[in-house]
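Undergrad: let's see this in three dimensions:
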Amino acid sequence: MHLRLFSVGLSLAIGLATAQAELPKVGLKPVWEGLELNRPLWLEAAPDGSGRLFCIEQGGGIVILPKAKSGKERIEFFNINDRKPWVENEEGLLGLAFHPNFKSNQKFYVYYSQQDPKRSVVSEFTVSKSDKNKADMKSERILLEFPQPYWNHNGGVMLFGKDGKLYISSGDGGKANDPHDNAQNLNNLLGKILRIDVDSRSGNLQYGIPADNPFADRKDNTRKEIWAYGLRNVWRMSIDRKTGDLWAADVGQNKWEEVNLITKGGNYGWNIRESFHKFKEEGPAKGDWIDPVIEYAHHAGLEKESKFPGHGYGVSITGGYVYRGKAIPALQGSYIYGDFATGLIFAVRQKNGKATEHGTIHQQKGTVYQIASFGEDAEGELYLLPLVATPSNGRDPVGGILQIVAE
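TA: Numbering: from 1, shown residues only. Just a heads-up that it's a prediction; the model follows:
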């Protein structure tokens, strides 16, 4: 996650090259105007048929949004602000996932930061028996904690797959260039996608290691939770509700941003390479790496090296969703993603892990909203969660949400 404020010249960052596909243009429609949210980072529908949308705030809160998109009432569902998860810029309450059987068991999971020692925590909570709109804050069961050497690159997305297992993204530990080579080290949990079973226990663990995890049978120090590795800092991943494909947007270092389809046991190359390109001079020129679906460059000077000329530029990718809604039929099956700093929104279609069409589908004009995250409702419609507007015009609500609509 790169949630610092960028001062990027838009003429440099946007790159108005011709899109490589006639994907439909989209617009952004403000919703829940006047509802104040503090650095919203995730939006998710409860899988219980209630129609409720839950939005997490970086400081430690989870808010239930009004059912009417014109509403302003703020219902606080969960609050760990007093634990101060957000101390440094990329820390905080970063992830939320509802158990697939949430309707009957009322269990949900959060991913948050803690200090002394600096670490990431994955916990299970249940809803209050007396109020379905309140979490039982005394119900916490800590499933997993792992150390974070620095404040940045915390990952933090959690998703339940169609297999009922919980997938967790972890960053490479931070600083820059993965100085401890965590992403390629199978003996730790950093720079990985993890997969655990929250409904069972393995040994002394508070969760189970699925027997079909790629390294589950290893007898050495390999962490059996690992599903995929060689990732820098997956900032937002999602599961295609139709196909079950796991998409992950990996934030780059100095030159390249990338989108990946995550496969069992896959090695995505960091920090030996950045996207398709060699990064570590002493690293091998080739390896058994999974190529990204698509990449984009940080500036125009890299265009000649890109496999996707005309994509458009940016400096920090924010992953989104494969569109499965009904409001924009021409967008069906496209993966929607954006750039945090420039506010550009892109789309790509793929076949067998290779991009077949791509294009810029929205370019913000005037006030540019930094894209902290995207969200998906129960119907498959998509939303943009802005961290802050640049330049600030003093009028926009803090953390206002925007719906992606047909232009």
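Undergrad: could you list the low-pLDDT ranges of the stretch 251-400 of the chain?
TA: 389-399 (pLDDT under 70).
Undergrad: strands of that one, residue ranges please.
TA: Using DSSP state E, counting those that start in this stretch, the strands of the stretch 251-400 of the chain run over 256-262, 273-274, 277-278, 294-297, 317-322, 335-339, 345-351, 354-362, 368-376, 382-390.
Undergrad: strand partners (parallel or antiparallel) of the first one?
TA: Using DSSP bridges, strand 256-262 pairs in its sheet with strand 246-250 (antiparallel), strand 294-297 (antiparallel).
Undergrad: same check on the second one?
TA: For strand 273-274, the pairing partners within the sheet under DSSP bridges are strand 277-278 (antiparallel).
Undergrad: contacts made by the strand it pairs with with the rest, please.
TA: For strand 277-278, contacts defined as CB atoms under 8 Å, 6 or more residues apart in numbering pick out 255-256, 272, 285, 305. Every residue, glycine included, has its C-beta placed from N, CA and C.
Undergrad: so what's the residue count around the residue found closest to residue 99 once you drop the neighbours it is linked to in the chain?
TA: Spatial nearest neighbour of residue 99, chain neighbours left out: residue 107 (4.1 Å); criterion: CB to CB, 6 or more residues apart in numbering. Residues near residue 107, counting by other CB atoms under 10 Å, number 19.
Undergrad: again with residue 241
TA: Applying other CB under 10 Å, we find 14 residues neighbouring residue 241.
Undergrad: pretty sure it sits against residue 323.
TA: No - in this structure residue 241 lies outside contact range of residue 323 using CB atoms under 8 Å: 10.1 Å.
Undergrad: residues contacting residue 169?
TA: Each residue near residue 169 by CB under 8 Å, 6+ apart is listed here: 155-158, 192-194, 231, 234, 237, 248.
Undergrad: quickly list what the nearest residue to residue 252 once chain neighbours are set aside is bridged to.
TA: Nearest non-adjacent residue to residue 252, counting by CB to CB, 6+ apart: residue 274, 5.5 Å away. For residue 274, the beta-bridge assignment (DSSP bridges) gives partners residue 277.
Undergrad: mind listing what's buried in stretch 215-228?
TA: Under the neighbour-count criterion of 16 or more other CB atoms under 10 Å, stretch 215-228 has 215, 222-228 buried.
Undergrad: between those residues, which is closest to residue 198?
TA: Of all those, residue 225 has the smallest distance to residue 198: 12.0 Å, by CB to CB.
Undergrad: dump the residue contacts of that closest one.
TA: Contacts for residue 225 were tallied using CB under 8 Å, 6+ apart; they are 144, 189, 192, 194-196, 209, 213.
Undergrad: kindly recompute the last result at 10 Å.
TA: By CB atoms under 10 Å, 6 or more residues apart in numbering, the contact set of residue 225 is 144, 146, 168, 170, 189, 192-196, 202, 205, 207-210, 213, 215-216.
Undergrad: which ones among these are found in strands?
TA: The strands, defined by DSSP state E, take in 144, 146, 168, 170, 192-196 from the contacts of residue 225.
Undergrad: quick one: which two of the residues you listed are the most distant?
TA: Put simply, by CB to CB the two of the ones in strands among the contacts of residue 225 set farthest apart are 146 and 195, 14.6 Å from each other.
Undergrad: neighbour count: these two, which is higher?
TA: residue 195 (25 against 18).
Undergrad: next, work out how far apart the more buried one and residue 160 are.
TA: Residue 195 is 10 Å from residue 160, where distance means CB to CB, to the nearest Å.
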